[in-house]
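Undergrad: just need the structure, nothing else, for what follows:
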Amino acid sequence: MASKNKSTVFFCQQCGYESAKWQGQCPGCKSWNSFVEEPVKMTSSGKRLSVGLREAAAPVSLSQIDLKEEDRLLTGIAELDRVLGGGIVAGSLTLVGGDPGIGKSTLLLQVCRNLASQDIPVLYISGEESLRQIRMRAERIGEFSESLQLLCETSLDSIETVVRARKPRVAVIDSIQTMYREEVGAAPGSVSQVRESTNVLMQLAKVEGISIFIVGHVTKEGTVAGPRVLEHMVDTVLYFEGDRHASYRILRGVKNRFGATDEIGVFEMCANGLMEVPNPSEYMLTGRPEGASGSVVTCSMEGTRPILIEIQALVCQTNFGYPRRQATGTDFNRVNLLMAVLEKRLGLQMSNCDAYVNIAGGIRITEPAMDLGIALAVISSFRNIPLDEGLIVFGEIGLSGEVRAVSQAKQRVLEAKKLGFTSCILPQVCLKDVGSVEGMRLFGVRGVSDAMQYL
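TA: Numbers count the residues shown, from 1 in each chain. Below is the predicted model:
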């Protein structure tokens, strides 16, 4: 009789598409060989067993919906609050992803510490570490109040019982890949388990009004392990970026139902946890070489925050029949396109040269406003002419060699002035918006040929 209540379904590991039989190519995301077979439990009537709402929902009219501003809970970490859109929203479900060892658990433990110090009930649930291991990491971060409760458990049934009984305002699940539900016959971390576990946590967050943070592992492709439906179910998706062996960390929001998705938070890994970097521009320009060719500073906008970044280029004669092109921290194809524009519009013969472009500091930026900076860095290295150390450049380059306008030009210029830069090359059409800035010499250019004359 028990076998009649069980069945198997095929899931796509990339997008979560469901099929009754195995298929070579997923009809949803078109990926190949991504279907896996997993058992699911069925009811006696042949329907899939799923977790529903504890109370029947009643429809309301639009006039009954209150539009007052949501009361957000501040985490005590300004960089995280900015990425979240101003703080934690009650009843929200947030996914935090990143490479192993990047600092996900450390950041969330610091958030729990700050909230517990305000006598806010917080529950930290770990499925990977023991209570002793969490205590050792907590000793490194600082003192914790009694408002923080710890639980080592992987069964969602037990976790659901504890959460409903304790009713914390904030709960952390570390990590979703270790959680399992007994009704689902698949192994923990499988598509079915991750899907069902997230569904249970979503119901807890919405019904009980608890803000839940979920930690998710990242695959070698750079996405959260499990189906993409996991990202669709949560309210906010945050990614931790950066080299685990380097000191900096970047927290980027890729989905946010309560705020913008173009904000970033910059952190530095220290002995006592993650520390905020309030001025990332100064941090990124630390150790900049003096009097070296192929180095130029540009400004990128990350949400409402301007960040100054050093672009380095190295152009040299190739020793092979086919010249090498390499880009670190920016789009490789964009660099090839810009070099083709320089060869066509300026007559620079770089077809027999190797070219390497690097964004210093390890940050990855793909904003088109960096085009002019990349072009001038390549020209500076090719001609071996150092640029002025007080110069900053930004602008988008078209295929005809024209320099096009960029957004928020004045904010970029003011950020450069604050860090001691004295001159700026920018698109001619942006001069009117910027106006005059005391202490800054502004050079408007219409094309890359005008910018090259500055050299």
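Undergrad: three-state assignment of Asn333?
TA: Following DSSP: H, G, I helix; E, B strand; the rest coil, we place Asn333 in the helix state.
Undergrad: list the buried ones in the longest strand anywhere in the chain?
TA: Criterion DSSP state E: the longest strand present in the chain is strand 305-317. Neighbour counts over strand 305-317 (16 or more other C-beta atoms under 10 Å) mark Arg305, Pro306, Ile307, Leu308, Ile309, Glu310, Ile311, Gln312, Ala313, Leu314, Val315 as buried. Every C-beta, even on glycine, is put in place using the N, C-alpha and C of the backbone.
Undergrad: just give me how far the next helix or strand after that strand sits from the chain centre.
TA: Next helix or strand after strand 305-317 toward the C-terminus (DSSP states H and E): strand 325-328. Chain-centre distance of strand 325-328: 22 Å, with C-alpha atoms, centre = their mean, to the nearest Å.
Undergrad: buried ones in strand 325-328, by neighbour count?
TA: For strand 325-328, the neighbour count (16+ other C-beta under 10 Å) marks Arg325, Ala327 as buried.
Undergrad: do the same with stretch 357-373
TA: Under the neighbour-count criterion of 16+ other C-beta under 10 Å, stretch 357-373 has 357-363, 365, 367-373 buried.
Undergrad: ok, of those residues, which one's closest to Val448?
TA: Comparing the buried residues of stretch 357-373 against Val448 with C-beta to C-beta picks out Leu372 as the nearest, at 7.5 Å.
Undergrad: tell me the pLDDT at that closest one?
TA: Reported pLDDT at Leu372 in the predicted model: 96.
Undergrad: helix, strand or coil for it?
TA: Quick answer, by three-state DSSP: Leu372 is helix.
Undergrad: leaving out chain neighbours, which residue sits closest to it?
TA: Gly395 (3.8 Å; C-beta to C-beta, 6 or more residues apart in numbering).
Undergrad: that neighbour: neighbour count?
TA: 30 (other C-beta atoms under 10 Å).
Undergrad: tell me the pLDDT at Gly222?
TA: Looking at Gly222, its pLDDT is 52.
Undergrad: check Pro27 too.
TA: In this model, Pro27 is scored at 87, pLDDT.
Undergrad: how many neighbours does the spatially closest residue to it that is not a sequence neighbour have?
TA: The shortest distance from Pro27 to any non-neighbouring residue, by C-beta to C-beta, 6+ apart, is to Tyr17 (6.5 Å). Per other C-beta under 10 Å, the neighbour tally for Tyr17 reads 20.
Undergrad: list the contacts of Tyr17.
TA: The contact partners of Tyr17, taken as C-beta atoms under 8 Å, 6 or more residues apart in numbering, are Phe11, Cys26, Pro27, Gly28, Cys29.
Undergrad: state the pair within the residues you listed that is farthest apart.
TA: Largest pairwise distance in the contacts of Tyr17, by C-beta to C-beta, is 12.8 Å, between Phe11 and Pro27.
Undergrad: name the residue in those two with the higher neighbour count.
TA: Neighbours per residue (other C-beta under 10 Å) separate Phe11 from Pro27, with Phe11 holding more: 26 against 10.
Undergrad: not including adjacent chain positions, what is the nearest residue to the more buried one?
TA: Val191 (4.1 Å).
Undergrad: again with Asp243
TA: Using C-beta to C-beta, 6+ apart, the closest residue to Asp243 is Gly362 (5.8 Å).
Undergrad: so what strands line up beside the helix or strand of the chain with the lowest mean pLDDT?
TA: The helix or strand of the chain with the poorest confidence is strand 35-41; it has a mean of 73 (mean pLDDT, DSSP states H and E). Strand 35-41 sits in its sheet next to strand 6-12 (antiparallel), going by DSSP bridges.
Undergrad: quick one: contacts of the partner strand?
TA: 17-23, 26, 28-29, 31, 34-42, 185, 191-192, 195, 227.
Undergrad: could you do stretch 282-298 as well?
TA: Stretch 282-298 is contacted by residues 248, 266, 268, 277, 307-315, 360-361, 363, 369-370, 372-373, 376-378, 380-381, 383-387, 389, 391-394, 416, 419, 421 when judged by C-beta under 8 Å, 6+ apart.
Undergrad: can you rerun that using 6 Å?
TA: With C-beta atoms under 6 Å, 6 or more residues apart in numbering as the test, stretch 282-298 has contacts from 277, 308-314, 361, 370, 373, 376-377, 380-381, 384-387, 392-394.
Undergrad: do the same with stretch 238-257
TA: Against stretch 238-257 from outside (C-beta under 6 Å, 6+ apart): 83, 85, 96-98, 101-104, 235-237, 261, 263-269, 362.
Undergrad: next: stretch 88-107.
TA: Contacts of stretch 88-107 (C-beta under 6 Å, 6+ apart): 70, 72-73, 174, 202, 205-206, 209, 211-216, 218, 224, 234-240, 244, 249, 258, 269, 273-274.
Undergrad: sort out which residues of that stretch are buried, please.
TA: In terms of neighbour count (16+ other C-beta under 10 Å), stretch 88-107 has its buried residues at 88-89, 91-99, 102-107.
Undergrad: among the residues you listed, which are in helices?
TA: When DSSP state H defines the helices, the subset of these inside them is Lys104, Ser105, Thr106, Leu107.
Undergrad: helices along the stretch 1-150 of the chain, start to end?
TA: In the stretch 1-150 of the chain, the segments counted as helices under DSSP state H, counting those that start in this stretch are 78-84, 104-116, 131-141.
Undergrad: so which of these is the most surrounded?
TA: Burial of those is given as mean neighbour count (mean count of other C-beta atoms under 10 Å); helix 104-116 ranks first at a mean of 23.
Undergrad: now do that helix: distance to the chain's middle.
TA: Averaged C-alpha coordinates place helix 104-116 at 18 Å from its chain's average position (C-alpha atoms, centre = their mean).
Undergrad: how far off helix 131-141 does that helix point, in degrees?
TA: For helix 104-116 against helix 131-141, the angle by axes from the mean of the first three to the mean of the last three C-alpha atoms, to 10 degrees is 70 degrees.
Undergrad: export the helices of the stretch 1-150 of the chain to CSV and tack on distance to Gly253 and mean pLDDT?
TA: Shown next, in CSV, are the helices of the stretch 1-150 of the chain (distance: least, C-beta to C-beta, whole Å; pLDDT from 0 to 100):
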stretch, distance to Gly253, mean pLDDT
helix 78-84, 5, 93
helix 104-116, 14, 93
helix 131-141, 24, 89
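Undergrad: take these and lay them out in TSV including distance to Pro289.
TA: Shown next, in TSV, are those (distance: least, C-beta to C-beta, whole Å):
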stretch	distance to Pro289
helix 78-84	28
helix 104-116	33
helix 131-141	35
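Undergrad: out of the ones you listed, which gets nearest to Leu431?
TA: For the helices of the stretch 1-150 of the chain, distance to Leu431 was read as C-beta to C-beta. The smallest value, 30.4 Å, belongs to helix 78-84.
Undergrad: from the contact counts, what lies against the closest one?
TA: Judged by 3 or more C-beta pairs under 6 Å, 6 or more residues apart in numbering; DSSP states H and E, helix 78-84 is in contact with strand 264-270.
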